[in-house]
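Engineer: Here you go, sequence then predicted model.
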Amino acid sequence: MGDFVGGEDQLRCFESELQAVHDLTGRAATSERGPQGGDRQKKRKASHEELLRRRTESESKEEARAFSKYFIVKAVLFASFLLFFLGIPQDVAADRSAILAGIERIEAVGIPGPVAVFGERAFPVLCNDQGESVVAAARFGDGRVVAFGHGSFLGQGSDPTDRGRLLRNAIAWAAAGRSEARIVDLNRAGSLSEVEVLTWGGGDIPEAVQSQVRNFVEKGGGLVIGQCPWGWQQLYPKQLLREHAPANRILAPMGLAYAPTMLAGPFPVAGSRPERGHALQALLDLSTSGQSKSFLALERALQAVPASNLEFLAKVEALLAEQNDLPMPTPDRPLRTKDALSRLYVSWWSRKWQDDAGQAVAAAPGADQFPGKVAAGAPRISRRVRFETSKAGWLSTGLYAAAGETVVVKVVAGGGSGWSLRIGPHTDSIAGKARWQRWPSISRRFELGSEFHQVASSFGGLIYFEAGPSAALPLELEVSGVVDAPFFNLADPDAITKWSSERKDPAPWAEIAGHHLILTLPSDSIRQLQQPEAVARYWDQVMQAHYRLAARALPERPERFVADVQISAGYMHAGYPIMTHLDVTQPSAGRPFGLVLDLERLQTQGSWGHFHELGHNCQRGAWTFAGTGEVTCNLFSLHAMEKVVGLNPWDVPWLEGQKKKAAAYLRAGAPFQEWKRRPGLALLMYAQLQKAFGWEPFTQVFAEYEALSRREQPRKDDDKRDQWMIRMSRAVERNLGPFFERWGVPVSDRARAKVAELKVWMPDFRELGLRRADGTE
């Protein structure tokens, strides 16, 4: 079968970079799909409008029909679940017990994602208390499969802990009692006829091999698979996990599939709730009572099941056909997990809209509250846009698509090949959150290519164009049926002159674009803004400061801050775009503007949160070891506070508040595990170096790392700490080994020996409130 592209190395590399990104490790990117067909979209729109229409008829004949249909739906769902329980002779409890034998608790490996369970012979193995499975299994034909929510679970075979035992149990169960089973990794397998159990860490394999693997299992083979679903989605943002991931194509016929959200460990067996982990149980519960403790299992299944699984999707559609007047998610009335039918309706229609071409969709209920509605009477216009460069990232247009309205895009000059159009900047999916203040996925992306396109979004949003690697240039387009949005672009020589009128444009969202950073925020927040140029230049200065410290050229693609009513993780999180909450755009405490626009505050106080997230985007995994993911990003925060705001790094308020805690930590013997858990402590260690030697050694060392080939870069934590200590010691021409030891940060004897000829350096620890300069008491 040859060697195929295994995704595990890619995912490990990806996660090592992302581990340093604040709360991003949770973020799951929104997936979209390009244009298709026409009649199907009209049918879906009609179906959607029918579901939204209130049933006001009260004639007894209509009531009788409604009751009859209601009874039929319940009967079908109940019969399906009886088959689920009784139709297949399978002892699920015994299967689960075999896989979990001798196991008490599983620590998370990386950041896993959920395995959705929806097949009649599939079952959850290990779940969280909400019923989301990190491990699930199924019988398929004469064979068996076990699916783990992260590829790194497969690397634990020799681990003496419960993680290793779990993998060994899974393989033994998949082998179905064959004690001499031949176990082979799929990427190294030859003929499958010579194998009893396949293991596979995800990645990309040809469709023909996917089919071979399914047939292998169906004929009695065993499969143990691990996949980081959200990692795959990040690696392939233009594809749908449920439709295109090879792992899901293999698993879906077996009643399992990966969903693109994240799970937080650990996973104690005693706290596992497998009875909540099956989507069919949730469907039965909802059909009888309107509530289900298994609802999250159903929600994950709806995110994961491919369109080809008509049987399961028909059951969901049958249940929703009887629902009306369901509340929709809004900032004022969020949907919680107890609003099961409403959330199911939202998940169902989100999926439908994601799959269609967007030519004929209705405005989503609640879209008028977020992202908001276009001002009444706003004219729909036609504009020409031209692109001379295929700059990476989103290319802003200053145009807005109203919710549910068709936008016509015509290629005037050049070719649309390699280009795509995006409606809406709010790419953060909140599907994994327990509370929804808006629809979970509201950004849509459409592939261009032909000369004429009609697209639409049920939510509306700012319009962007994106150039792929093969994008044709130059490109000129005519975009019709759109609304003007406030857009200040520092690159436009007429921007200042036009701003007095453009800030009044009727779209609900606006952008302030500098050369290196773009702010996306509600139009109401900028209506009175008189100095957009100064705001844009301020954020450009922050970007310049960050990249000077990082010893790297400014990226061609500007960074973006997008404000949202709800984000996937944290108060803010890094990525592209960087996501923030709306509060930073809103006036407070008598100030006329939100923090992100308030020049007086920005120039005197800065914005630690914004600096921090931009710092995450500057981080490198080679010099960010365990415990410093929330630390090395703040080097950039401290640097910007000094270079842009004018504050001494040692006196920055956030750092000042950590000094008493650091003194207590040092008095307690400097336990490294605590240092890793408390980023404020760790940052003080870095700040002491900066206070003594300035920023130049940091820039020098960062430049050294940039010059390393990928092979030369340290990958293991021990190596990362050693290299950081050695390189910083040489940069400051002092032996920092004892300094690391005083802070409790371990480095090897070999590393110490490499800097032993340098003069030992220690800071004066009295600056942290200790009584003696050497840090002892």
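Structural biologist: That came through, no problem. Numbering: from 1, shown residues only.
Engineer: Sketch out the low-pLDDT regions of this protein for me.
Structural biologist: For the chain, applying pLDDT under 70 flags the ranges 1-89, 157, 357-359, 775, 777.
Engineer: And it, what are its domain boundaries?
Structural biologist: In terms of domains, the chain is parsed into 92-273, 358-485, 655-768 (source: the TED database).
Engineer: what's the spacing between the longest one and its chain's center?
Structural biologist: Taking C-alpha atoms, centre = their mean, to the nearest Å, one finds the center of domain 92-273 at 22 Å from the center of the full chain.
Engineer: do the last one as well
Structural biologist: Using C-alpha atoms, centre = their mean, we find the averaged C-alpha position of domain 655-768 to lie 31 Å away from the chain's own average C-alpha position.
Engineer: ok so, going back, could you redo the domains of the chain as JSON lines and give each row distance to Thr288?
Structural biologist: Heads up, the C-betas are built off the backbone N, CA and C, glycines and all. Written out in JSON lines, the entries for the domains of the chain read as follows (distance: least, C-beta to C-beta, whole Å):
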{"stretch": "domain 92-273", "distance to Thr288": "18"}
{"stretch": "domain 358-485", "distance to Thr288": "23"}
{"stretch": "domain 655-768", "distance to Thr288": "46"}
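Engineer: Helix, strand or coil: sort out Leu283 for me.
Structural biologist: Secondary structure state of Leu283, per DSSP: H, G, I helix; E, B strand; the rest coil, is helix.
Engineer: Next one: it from Pro124, what distance?
Structural biologist: Relative to Pro124, Leu283 is positioned 15 Å away (criterion: C-beta to C-beta, to the nearest Å).
Engineer: Next: Asp339.
Structural biologist: 23 Å.
Engineer: who has more neighbours, these two?
Structural biologist: Neighbours were counted for Asp339 and for Pro124 using other C-beta atoms under 10 Å; Pro124 has more, 29 against 22.
Engineer: Quick check: that one is in a strand.
Structural biologist: Yes - looking at Pro124 with three-state DSSP, it is inside a strand.
Engineer: What about the closest residue to it other than its chain neighbours, how many residues nearby?
Structural biologist: Residue nearest to Pro124 in three dimensions, not counting chain neighbours: Gly277, with 3.1 Å by C-beta to C-beta, 6 or more residues apart in numbering. Each residue near Gly277 was counted by other C-beta under 10 Å, and the total is 30.
Engineer: And for Gly102?
Structural biologist: Neighbour count for Gly102, taken as other C-beta under 10 Å: 10.
Engineer: a helix runs through it, doesn't it?
Structural biologist: No - following the definition three-state DSSP, Gly102 is coil and is not counted among the residues of a helix.
Engineer: That one and Thr161, how far apart?
Structural biologist: The gap separating Gly102 from Thr161 is 11 Å, by C-beta to C-beta.
Engineer: and what of Ala136?
Structural biologist: Between Ala136 and Thr161 the distance is 21 Å, computed by C-beta to C-beta.
Engineer: higher neighbour count, those two?
Structural biologist: Remark: of Ala136 and Thr161, Ala136 carries more neighbours, 34 against 12, as counted by other C-beta under 10 Å.
Engineer: three-state assignment of the more buried one?
Structural biologist: Secondary structure of Ala136, reduced to three states by three-state DSSP: strand.
Engineer: switch to numbering from 362
Structural biologist: Let's use 362 as the start, then, which means that last one is Ala497.
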